[in-house]
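Colleague: mind folding the following:
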Amino acid sequence: MTELAITFDDVQAAAGRLRGVAQYTPVLTSRTVNELTGYEVYFKCENFQRAGAFKFRGAYNALAQLDEAQRKRGVVAFSSGNHAQGVAYAAKLLGLPATIVMPTDAPESKLAATRAYGAEVRFYDRLTEDRVKIATALAQRQGTTLLPSYDHPQIMAGQGTAALELLADVPDLEVLVAPLGGGGLLSGCATAARGLKPGIRVLGVETEAGNDWWLSFRANRRVKIDPPETIADGIRIQQPGELTFPVVRALVEEIILVSEAEVVAALKLLLLRMKILAEPTGAVAPAAVLQRRVGPPGSKVGVIISGGNVDSSLLARLLI
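Modeller: Model (predicted):
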């Protein structure tokens, strides 16, 4: 069996680095949601994380391990938004320069926040240009460290600390549900959850339009799709990660698909009934729970709301 990119010890070490730096985000419940679903649901609210999403965890964990020479040269990252903000904010806290390669159609709120944290932004066209090639060339020219958004052991381990906290608060969870983009969050959380509770069921969720993981699970290999048109901009990924795929394949039971309409309905319910602002990607995993697709009635379910960085204009259109 191929050795996986991270271990439970790596996630625990990341938790030590993040202690007192990352927010220990709240776990919220809703009687309404429990009645609608038949589950006992616990929402891990990473929308309250620093920079507004779980991505800060992995970014800080990785950047905190750079040596002094690497810190002086800085970091380059590529992201549609939340990794950009996480890296920019972590870099600001650690006092190192950051350049972020972002798509021209990145949400305006995420672009503005990335710049506000002090990062330089370089744009690319997601339909015609390769962000990895652009960022790699930039890092080589500048002599800086390239920090991928998910396919990196220290990123994966940092993201897994969200599940460590959730299970510390609700140790008798039976199911853990998280969204799937590149797989950094789910690979880290699956490693943490299965390390603490080997029998826990771990499920990933993506949209029907961005079904690269769903296809990859069935083919037992990394399948690449066309750039997906989905409202969940944080999971517009074409192919599972090289490092994340083996971890998710080994530790995750199933990949669930949700429709665009189901994501919007979940976002609305979270906001209007629970007063939780989630971005569309943050509503992907809750959508699967609200559609009762994650287990039998009565299951004790933990679900990760991955972020809350949504443009006000998009939010207004969705709420009409």
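Colleague: remind me which residues of this protein are low pLDDT?
Modeller: Applying pLDDT under 70 to the chain flags the ranges 1.
Colleague: for the residue most central in space within the chain, give me its contacts.
Modeller: Nearest to the mean C-alpha position of the chain, by CA atoms, centre = their mean, lies residue 185 at 4.6 Å. Listed by CB atoms under 8 Å, 6 or more residues apart in numbering, the contact set of residue 185 reads 54, 150, 159, 162, 178, 179, 304, 306. Every C-beta, even on glycine, is put in place using the N, C-alpha and C of the backbone.
Colleague: which SSE is it in?
Modeller: For residue 185, the host element (DSSP states H and E) is helix 184-196.
Colleague: where exactly do the strands run in the stretch 101-250 of the chain?
Modeller: Counting by DSSP state E, counting those that start in this stretch, one finds strands in the stretch 101-250 of the chain at the ranges 120-124, 145-147, 175-179, 201-207.
Colleague: dump the ones you listed to JSON lines, plus distance to residue 35 and mean neighbour count.
Modeller: Shown next, in JSON lines, are the strands of the stretch 101-250 of the chain (distance: least, CB to CB, whole Å; neighbours: other CB atoms under 10 Å):
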{"stretch": "strand 120-124", "distance to residue 35": "44", "mean neighbour count": "15"}
{"stretch": "strand 145-147", "distance to residue 35": "43", "mean neighbour count": "21"}
{"stretch": "strand 175-179", "distance to residue 35": "18", "mean neighbour count": "28"}
{"stretch": "strand 201-207", "distance to residue 35": "21", "mean neighbour count": "25"}
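Colleague: to residue 130, which of those lies closest?
Modeller: Ranking those by their distance to residue 130 (criterion: CB to CB) puts strand 120-124 first, at 8.0 Å.
Colleague: within the sheet, what are the partner strands of that closest one, with directions?
Modeller: When sheet partners are counted by DSSP bridges, strand 120-124 sits next to strand 98-103 (parallel).
Colleague: kindly indicate which of the contacts of residue 185 lies nearest residue 171.
Modeller: residue 162 (15.2 Å).
Colleague: burial measure for that closest one, as a count.
Modeller: 29 (other CB atoms under 10 Å).
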